[in-house]
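**Q** 3D model of this:
(chains A and B)
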Amino acid sequence: MRLIISEKANAARKIAQFLAEGPVKEGKHRSVPYHTFTWRGEECVSVGLKGHVLNPEYPEEYSNWQKVDPRELIDARILKSVSEKGVAAAVRSLAKKADRVIIATDFDREGELIGVEALSLAFEANPALMDHVERARFSALTKGEVTRAFENLVEVSRELADAGEARQDIDLIWGATLTRWVSRAVKRYGSAFLSVGRVQSPTLVLIAERELERRAFVPEPYWEVEARLQNGGGPFVARHARGRFKEEAEARRALENLSETAVVTEVRQREATRPAPAPFNTTAFLTAAANIGVSPSRAARIAEDLYTEGYISYPRTDNTVYPESLDLREVLGFLAEVEGVGDYAGRLLGAGRLTPTRGRRQTTDHPPIYPTGRASRAELREDQWKIYQLVVRRFLATLSGPAKTLRTTLRFESGGEPLVAGGTVVTEEGWLAVYHYGRRRDEELPRLSEGDEVRVAEAELLAKETQPPGRYGQGRLIRLMEDLGLGTKATRPGIIQNLYDRGYIHGDPIVPTETGMAVAKALKDFASEIASHEMTARLEKSMDAISEGRVSKDSVVEESRELLRRVYDHLESSEEKFADIVWNGIRGDETLGPCPNCGRNLVVRRNRRNRKRFAGCEGYPECRTTFPLPQKGDIIPLGTACEACGLPEIKVLGGRRPWVTCINMDCPKKQEQRRSREETQAGGEEPSEGQRDRKRLEKSTT
DNA sequence: GCAAGGTC
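**A** Next comes the predicted model:
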């Protein structure tokens, strides 16, 4: 029997269907499905893994963080433990009955490594297989590609797998060694540990540096002159053509010069075409999801569910060009019955030739993300429906014509001052009709011609300030990581989520905590190698060299160890400074704001006996001011004061969603909210946000 | 209680 091993259940099933001469028999080893069929007169069994089935880890004797010197991890042996017990058992069991094995995992570095991992399980069960291994390399899960690959079997590439293994080892060695060193230096044990890694640390540094830019930013004041003009119809807004005035006096003079009327001096119209968007690859999908308020990690999770339920295609792809083999009309056929887009899909079907847009990147491993099945709102959860709609609408947009817009610019003269008004309207909807996300409202301007006179109904001076660069949203960060080669399409959402879970960042757009800022700074100062995205770039080059047989895996890993030893030495010699930086950050996250009684800081403290936390004055015992704090969830000091009582405000993470409150249980605002709750409760209505906050504060402090 | 990479 020939055993065919692929990377995932779905691929195993499809391979069986494509190759089978006759029926495919379904079987199961415990819960792992496999497929038996005949190919070229020979019995074959196709089984799918679950990605990596082995995980690198250190031997048991290194498991104590306090007792083991982290330096030992640099040279410690690395074991591979089975991480998917069920799958491993199925592979071993099937291997016993096999006389040949074909590796059919994904055609990339990790795929080759996953194949080699599976082989180690197969050989364990049946050593005779060692001389009977072949590799099927296909880059698309289509009948044509798969049959071609199986008719042209090649050898497993030990070099390619080695490249993957070098990546694994280096990530574990650096990650584990530095995570433990930092956690020890700062004395953060248990769940409070501080993590460090090749991808997460440079990502944290990106966020921290943006925050530093914001802090260093000096806002400059400027003034604008805005006028409300009217010509019979509704009023519209025009601004002084100079835009930003740096001097208030100049702006005021311009404002005062304006007369009661303005005369049109120029009417300009410009047409523009907005081409339909390219098909979804993972990054574009995650970014679009983030823009409609679904975090990348949640979007990835939901897409995975929709994929396994058959609603959308495989969600991890770099491809932005639909393959020839994709039957666009068939997809439109079932979309014609989907709520909200049915009519649109029907019209596309009836309109004749379909010309989908194409993105820059064309790969053949997977198609771009597109809908594969009809769904109704009733059968999906609300967030699943939102994501399904996004994929469906994107697909329809890629088959639609461009949108056309008309930009009108009106110039006026009033009391010798030039004014300008602009507005854009959509003249031809095209794809915008179905893909409405982030669509701007039309800005209508009245139809005016040169020489027309309008009334200046109102004019005012606006005092503004230049703004610092914005914080990264999660979608923006995903794109930035891709540009810098950090992480992969499959891991980026998780990496970002980790930064949240470790207490390095919060909010969206992303705000680093003081601890996150401090860890980023300390790593940059004393272990700059792990703080830069260039480590990944160099690793990629080394991995190419390994896979091309130019260098050995061992020499690359050894060289990396050597570098880490030097980094480690430097860290050890700067341990105090390193720890001080991070402690300062941690203290920053525990500083809530000024004490109302003495002006010193209120900080998060714990009761010695019951370990419960509270806000206490750092002037203790001179000042004995305290306030209760919620016991559950992380507390983020906001640095703001409650407008009602003046006490510090905090954000509490954990629970279903973060909530913001001041630390004062007797705040007049809360009392006000409690009163209105009593009133509305009499009327049988929902309690408001503030009342729930009060309840939570009370509950968590008792 | 370490990382990052697959996949559910």
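**Q** so how far is the top helix by length along chain A off the chain centroid?
**A** Ranked by residue count and defined by DSSP state H, the top helix of chain A is helix A:158-185. Put simply, helix A:158-185 sits 23 Å off its chain's centre (CA atoms, centre = their mean, to the nearest Å).
**Q** give me the buried positions along that helix.
**A** Neighbour-count burial for helix A:158-185 flags A:159-185 (criterion: 16 or more other CB atoms under 10 Å). From N, CA and C alone the C-beta is placed, and that goes for glycine too.
**Q** number of nearby residues for residue A:532?
**A** 18 (other CB atoms under 10 Å).
**Q** how about it, nearest residue that isn't a chain neighbour?
**A** Spatial nearest neighbour of residue A:532, excluding adjacent residues (CB to CB, 6 or more residues apart in numbering): residue A:202 at 5.8 Å.
**Q** quick one: residues contacting the one you found.
**A** Each residue near residue A:202 by CB atoms under 8 Å, 6 or more residues apart in numbering is listed here: A:484, A:486, A:530, A:531, A:532, A:533, A:535, A:536.
**Q** restricted to helices, list those.
**A** A:484, A:530, A:531, A:535, A:536.
**Q** buried ones in stretch A:465-481?
**A** For stretch A:465-481, by 16+ other CB under 10 Å, it's A:471, A:472, A:473, A:474, A:475, A:476, A:477, A:478, A:479, A:480, A:481.
**Q** what's the span of it, first residue to last?
**A** By CA to CA, to the nearest Å, the extent of stretch A:465-481 from end to end equals 31 Å.
**Q** for stretch A:271-278, same thing?
**A** 22 Å.
**Q** what of stretch A:369-386?
**A** This stretch, stretch A:369-386, spans 15 Å end to end (CA to CA).
**Q** before we move on, what about stretch A:649-667?
**A** 11 Å.
**Q** thought residue A:251 was touching residue A:461?
**A** Yes: counting by CB atoms under 8 Å, residue A:251 does reach residue A:461; the two are 5.7 Å apart.
**Q** any idea of the pLDDT on residue A:680?
**A** You'll see residue A:680 listed with a pLDDT of 61.
**Q** same check on residue A:692?
**A** 46.
**Q** can you tell me what sits against stretch A:256-270?
**A** By CB under 8 Å, 6+ apart, stretch A:256-270 touches A:225, A:227, A:229, A:238, A:406-419, A:448-456, A:459.
**Q** can you show me the CA trace of it as PDB?
**A** Extracted as PDB, the C-alpha positions of stretch A:256-270 are listed here (Å, rounded to 0.1, in the frame of the first residue of the first chain):
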ATOM      1  CA  GLU A 256     -12.500  90.800   8.600                       C
ATOM      2  CA  ASN A 257     -11.900  91.600   5.000                       C
ATOM      3  CA  LEU A 258     -14.700  89.200   3.800                       C
ATOM      4  CA  SER A 259     -17.700  91.100   2.600                       C
ATOM      5  CA  GLU A 260     -21.300  90.000   2.600                       C
ATOM      6  CA  THR A 261     -21.100  88.400  -0.800                       C
ATOM      7  CA  ALA A 262     -18.700  86.300  -2.700                       C
ATOM      8  CA  VAL A 263     -18.300  86.100  -6.500                       C
ATOM      9  CA  VAL A 264     -17.400  82.900  -8.300                       C
ATOM     10  CA  THR A 265     -14.000  83.400 -10.000                       C
ATOM     11  CA  GLU A 266     -13.400  79.900 -11.300                       C
ATOM     12  CA  VAL A 267     -15.300  76.600 -11.700                       C
ATOM     13  CA  ARG A 268     -13.200  73.600 -12.200                       C
ATOM     14  CA  GLN A 269     -14.300  70.000 -12.600                       C
ATOM     15  CA  ARG A 270     -12.200  67.000 -12.800                       C
END
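**Q** just to revisit the earlier point, now for the contacts of residue A:202: which two are most distant?
**A** Between any two of the contacts of residue A:202, the greatest separation by CB to CB is 14.6 Å, found for A:484 and A:530.
**Q** which of those two has more neighbours?
**A** residue A:530 (23 against 17).
**Q** quick one: the closest residue to the more buried one other than its chain neighbours and residue A:82, what's the gap?
**A** Residue nearest to residue A:530 in three dimensions, not counting chain neighbours: residue A:201, with 5.1 Å by CB to CB, 6+ apart. With distances taken as CB to CB, to the nearest Å, residue A:201 is found 29 Å from residue A:82.
**Q** more neighbours: these two, which one.
**A** Between residue A:201 and residue A:82, counted using other CB under 10 Å, residue A:201 has the larger neighbour count: 30 against 16.
**Q** hang on, the earlier thing: which ones among the buried residues of helix A:158-185 also lie next to DNA strand B?
**A** Among the buried residues of helix A:158-185, proximity to DNA strand B is found for A:167, A:168, A:171, A:172, A:174, A:175, A:176, A:179, A:180, A:183 (CB under 7 Å from any atom of the strand).
**Q** from these, pick the one nearest DNA strand B.
**A** residue A:175 (2.0 Å; CB to the nearest atom of the strand).
**Q** CA atoms of the helix or strand hosting residue A:605 as PDB?
**A** Taking DSSP states H and E as the criterion, residue A:605 maps to strand A:601-606. Extracted in PDB, the C-alpha atoms of strand A:601-606 (Å, rounded to 0.1, in the frame of the first residue of the first chain):
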ATOM      1  CA  ASN A 601       0.800  59.900  43.100                       C
ATOM      2  CA  LEU A 602      -1.800  57.300  43.600                       C
ATOM      3  CA  VAL A 603      -0.400  53.900  42.700                       C
ATOM      4  CA  VAL A 604      -1.700  50.400  42.400                       C
ATOM      5  CA  ARG A 605      -0.900  48.500  45.600                       C
ATOM      6  CA  ARG A 606      -1.800  45.100  47.100                       C
END
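**Q** in its sheet, what does it sit against?
**A** strand A:591-594 (antiparallel), strand A:613-617 (antiparallel) (DSSP bridges).
**Q** now these as TSV including distance to residue A:551 and mean pLDDT?
**A** Shown next, in TSV, are the strands paired with strand A:601-606 (distance: least, CB to CB, whole Å; pLDDT from 0 to 100):
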stretch	distance to residue A:551	mean pLDDT
strand A:591-594	50	90
strand A:613-617	53	87
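**Q** ok, which of those strands comes nearest DNA strand B?
**A** strand A:613-617 (20.2 Å).
**Q** any residues touching that closest one, and which ones?
**A** Contacts of strand A:613-617 (CB under 8 Å, 6+ apart): A:592, A:595, A:597-598, A:600-607, A:623-629, A:631, A:635, A:648, A:663, A:701.
**Q** wait, which of the ones in helices among the contacts of residue A:202 is closest to DNA strand B?
**A** Nearest member of those to DNA strand B, counting by CB to the nearest atom of the strand, is residue A:536, at 7.1 Å.
**Q** give me the phi and psi for residue A:407.
**A** Residue A:407 adopts backbone torsions of phi -100, psi 120, taken as degrees, to the nearest 10.
**Q** how far away is the nearest residue to residue A:461 once chain neighbours are set aside from DNA strand B?
**A** In space, and not counting its chain neighbours, residue A:461 is closest to residue A:255: 5.3 Å by CB to CB, 6+ apart. In this view, residue A:255 and DNA strand B are 55 Å apart by CB to the nearest atom of the strand, to the nearest Å.
**Q** which residues touch residue A:255?
**A** Residues in contact with residue A:255 (CB under 8 Å, 6+ apart) are A:225, A:459, A:460, A:461.
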